[in-house]
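Asker: build the 3D model from these lines:
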Amino acid sequence: FQATVAGRPFACGETYADIGTTKDRITVSDFRFYVHDVRLLDDGGREVPVQLETDSLWQSNGVALLDFENGAGPCSNGNAERRDVVLGTAPAGRYTGVRFAIGVPFALNHRDLTQQPSPLSLSRMFWAWNSGYKFMRIDMKNAAGQGWVLHLGSTECQPTGAPTAVPTQCAWGNRPEITFAAFDVAHDVVRFDLAALLRDANVSVNKPKTAMGCMSGQGDGDCAAVFAALGLPFRGVKGGTQSAFSVVNAAASAGASPAPAR
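Answerer: Below is the predicted model of the structure:
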């Protein structure tokens, strides 16, 4: 995987211009997301699950964390180590595509944070027992110094009684599924471009009486554009084709993202 902004490598401390509908400037202070349910596609379109490795640091229980911040400058609330790969195994075969889901599976999403192995033990990637994890955390400030964030996660989870009541369902799971019918495991990388994610968003202002940026609520108009870019449904509009992720050749994109620190 690699993180870019309008094709430029993402880096903490960099300022990026021409973002969103108002062509604002942003400085990002956090950039992480979880991936699970990784599958390879053969030339007949059949899915073959990838068994993710477990290292109890970046990957555990079939969930992997991708982390593009480095704990420096505006990203000081993060950590120095970065991660841009998902490691796993699949049976030998001819694979021509890939499919994966963003987020944490429902079965793991509402467990006690203090009892989970890393990367599911990170408090900055967790909301609350009822809501579960922040599947994707992207924090930024615009040119005026105002904060604007995307905290993607499940919402309207039931029951909502006692703080430790384990939900049995969530009205909005908000786990984007990303599919590339053409993907060469040996030579391609998945690119996540922040400018593409925010192309139709207004990061210069925040909708009145709503959380800062998009906190995934269906009542928050700031979520409409980013949900559309992730292919997620919003306010009665069905999810369509996502536009934030793309496939690029590794050789052509060399240097666009830092290698794993470990």
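
Asker: contacting residues for residue 12?
Answerer: Contact analysis of residue 12 by CB atoms under 8 Å, 6 or more residues apart in numbering lists 28, 29, 69, 70, 71, 72, 73, 74, 75, 78. For glycine as for every other residue, the C-beta is placed from the backbone atoms N, C-alpha and C.

Asker: which among the residues you listed gets closest to residue 240?
Answerer: residue 28 (25.8 Å; CB to CB).

Asker: got a list of what the closest residue to the closest one other than its chain neighbours touches?
Answerer: Spatial nearest neighbour of residue 28, chain neighbours left out: residue 140 (4.6 Å); criterion: CB to CB, 6 or more residues apart in numbering. Residues near residue 140 by CB under 8 Å, 6+ apart: 26, 27, 28, 29, 147, 148, 149, 203.

Asker: could you turn the buried ones of those into a ChimeraX selection?
Answerer: Selection of the buried residues among the contacts of residue 140 in ChimeraX, burial being defined by 16 or more other CB atoms under 10 Å:
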select :26,27,28,29,148,149,203
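
Asker: distance to residue 56 and pLDDT added to the contacts of residue 140, as CSV?
Answerer: Below are the contacts of residue 140 laid out as CSV (distance: CB to CB, whole Å; pLDDT from 0 to 100):
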residue, distance to residue 56, pLDDT
26, 34, 97
27, 32, 97
28, 28, 97
29, 26, 97
147, 32, 95
148, 33, 96
149, 28, 97
203, 36, 97
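
Asker: could the contacts of residue 140 be laid out in TSV, adding secondary structure and distance to residue 12?
Answerer: Shown next, in TSV, are the contacts of residue 140 (DSSP: H, G, I helix; E, B strand; the rest coil; distance: CB to CB, whole Å):
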residue	secondary structure	distance to residue 12
26	strand	12
27	strand	9
28	strand	7
29	strand	7
147	strand	16
148	strand	16
149	strand	15
203	coil	18
